[in-house]
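1. Structure for this input, please:
(one chain, ligands or ions: 1)
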Amino acid sequence: MRITTTNLIQKVQNYQRLNQKEAEALYDLDLYTLGELASTIREDMYGKKSYFNINRHINPTNVCKDVCKFCAYSATRKNPNQYTMSHKEILDIAKVSFEKGAKEVHIVSAHNPEAGLEWYMGAFRKIKEHYPSLHIKALTAAEVDFLAREYNLSYDEILDMMIENGVDSMPGGGAEIFDEEVRDFICKGKVTSDQWLDIHRKWHQRGRMSNATMLFGHIEQRKDRIDHILRLRDLQDETGGFNAFIPLVYQRENNYLKVTNYPTGQEILKTYAISRILLDNIPHIKAYWVTASIGLALIAQEFGADDLDGTIDKESIQSAAGAKSSHGMNLLEFVNIIKNSGFIPIERDSLYTELQTY
Ligand code: SF4
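-> Next up, the predicted model:
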């Protein structure tokens, strides 16, 4: 059947699922129509609430054996300043963050072949021993795959080890873009799309939650974004283990992926809106202000996004590629800009229990 604008809008308004071709056609709707459709769904779910958490990102090493073209963080490429934190350094950061009120540490590293498995797992265990209430969100599926290959272990063994050592949930990184051809070009050799999905499936089967990301705005096409989102929708139908979907806007500085047609604000907002419309089974759409910019993330609240991530405190990965996030954001400032944008700031924990309304 031919896809008409009227049919498409009616299907979205009736909460009917769209297939790949119909979803691609959403991009042809004008921005305001798309925004209104996504916003209606968002407001049906959460009204004017906008979620965030008080968190701290820790990136314990930038030494990496992989060579993703889009990466500005890895020390083996353009960044000559290698570092690997000791457990004491990691624990000191966790201590300061905990004392400042952080409820979550988000720990993501490069793929360091010299650090050792115990360096990764011991850091989680020690944080948990000292701060049992601090939620540990750690190890992307790409890191799980790296550790499994490096130490000749199965995904199951690594995932069980994570749980034994105190990891509570998994972040959504490493998904990049699932289309195999694009993926081969931007990050050949890293976890494959099927492996990424399989690792999250196995994590969910253990009763644990995770997030899912999509890196967009580089060489992928709109159809690749839709394919990515629909593969996540399929897995979520199966497991129900994703809390949030996070479209990450590609940062263009200091890397080997020479992108010239950087996405417009309109294209970014359309992508948030389409994510909200398509992912009827993933509860939260996160506008990660680190990559979208805080201004666009605030507008994204009117295009389907209900979560702005958190105060972050410090961040090294995206800021290496040009994002303005290296020092996070002050809580009061964060809360005030959400309020001023017409939404209600709700502090949540890592699993979206509401903790405080501001
Ligand atoms: S994106 Fe991650 S895996 Fe790829 S080079 Fe950078 S740090 Fe390594």
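2. With F303 as the reference, measure out to L34.
-> 7 Å (Cβ to Cβ, to the nearest Å). Every C-beta, even on glycine, is put in place using the N, C-alpha and C of the backbone.
3. Can you work out which residues contact both of those two?
-> Common neighbours of L34 and F303 (criterion: Cβ atoms under 8 Å, 6 or more residues apart in numbering): 270, 273.
4. What residues does the stretch 151-300 of the chain have near the ligand?
-> With the criterion set to Cβ under 6 Å from any ligand atom, the stretch 151-300 of the chain comes near the ligand through 187, 190.
5. and the residue nearest to E267 when sequence neighbours are not counted, what does it touch?
-> Counting by Cβ to Cβ, 6 or more residues apart in numbering, the nearest residue to E267 once its immediate chain neighbours are dropped is G217, at 7.5 Å. The contact partners of G217, taken as Cβ under 8 Å, 6+ apart, are 249-250, 259, 262-263, 267-268.
6. Pull the most distant pair out of the residues you listed.
-> V259 and I268 (14.0 Å; Cβ to Cβ).
7. higher neighbour count, the two?
-> Taking neighbours as other Cβ atoms under 10 Å, V259 and I268 compare with I268 leading, 24 against 15.
8. Could you pull up phi and psi at Y352?
-> phi 70, psi 20 (degrees, to the nearest 10).
9. what ranges do the strands span in the stretch 251-358 of the chain?
-> With DSSP state E, counting those that start in this stretch applied, the stretch 251-358 of the chain shows strands at 284-285, 307-310, 344-348, 354-357, listed in chain order.
10. A142 is nearest to which of these?
-> Nearest of those (Cβ to Cβ): strand 307-310, 19.4 Å.
11. can you tell me which residues contact H200?
-> H200 touches 141, 170, 210, 212, 235, 239, 241-242, counting by Cβ under 8 Å, 6+ apart.
12. actually D307, not the one I typed
-> 50-52, 244, 284-287, 348.
13. and the stretch 1-150 of the chain, which of its residues are near the ligand?
-> 64, 66-68, 71, 73-74, 110-111, 142.
14. circling back to that earlier point, looking at the contacts of H200, which are in strands?
-> Per DSSP state E, strands hold the following members of the contacts of H200: 210, 212, 242.
15. Against the ligand, how distant is the closest residue to D306 other than its chain neighbours?
-> Nearest residue to D306, sequence neighbours excluded (Cβ to Cβ, 6+ apart): Y46, at 4.8 Å. According to Cβ to the nearest ligand atom, to the nearest Å, Y46 and the ligand sit 32 Å apart.
16. ok, how many other residues are close to Y46?
-> For Y46, using other Cβ under 10 Å, the count is 18.
17. let's number from 18 now, not from 1
-> Sure thing, new numbering starts at 18, so read that last one as Y63.
18. chain center to stretch 361-375: distance?
-> Taking the mean of its C-alpha atoms, stretch 361-375 sits 18 Å from the chain's own mean (Cα atoms, centre = their mean, to the nearest Å).
19. circling back to that earlier point, quick one: pLDDT of the residue nearest to D323?
-> Here the pLDDT value assigned to Y63 is 98.
20. Make sure it is actually in contact with Q318.
-> No. With contacts counted by Cβ atoms under 8 Å, Y63 stays clear of Q318, the gap being 10.0 Å.
21. Run through the stretch 18-167 of the chain and note the low-pLDDT ranges.
-> 18, 94-96 (pLDDT under 70).
22. can you list the contacts of G234 in a markdown table and add pLDDT?
-> Shown next, in a markdown table, are these (pLDDT from 0 to 100):
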| residue | pLDDT |
| --- | --- |
| V266 | 91 |
| Y267 | 89 |
| V276 | 82 |
| Y279 | 84 |
| P280 | 90 |
| E284 | 96 |
| I285 | 95 |
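23. And the helices in this protein?
-> 22-30, 37-43, 48-63, 104-116, 134-147, 158-167, 172-181, 197-204, 210-222, 239-256, 282-295, 306-309, 311-317, 348-357 (DSSP state H).
24. any weak-confidence spans in the stretch 268-375 of the chain?
-> 271, 330-344.
25. ok, now with 50
-> Applying pLDDT under 50 to the stretch 268-375 of the chain picks out no residues at all.
26. Next up, the contacts around S67.
-> With Cβ under 8 Å, 6+ apart, S67 has these contacts: 318, 323-325, 355, 360-363.
27. of the residues you listed, buried ones?
-> 318, 323-325, 355, 360, 362-363 (16 or more other Cβ atoms under 10 Å).
28. Excluding residues flanking it in the chain, which one is nearest G64?
-> I361 (7.7 Å).
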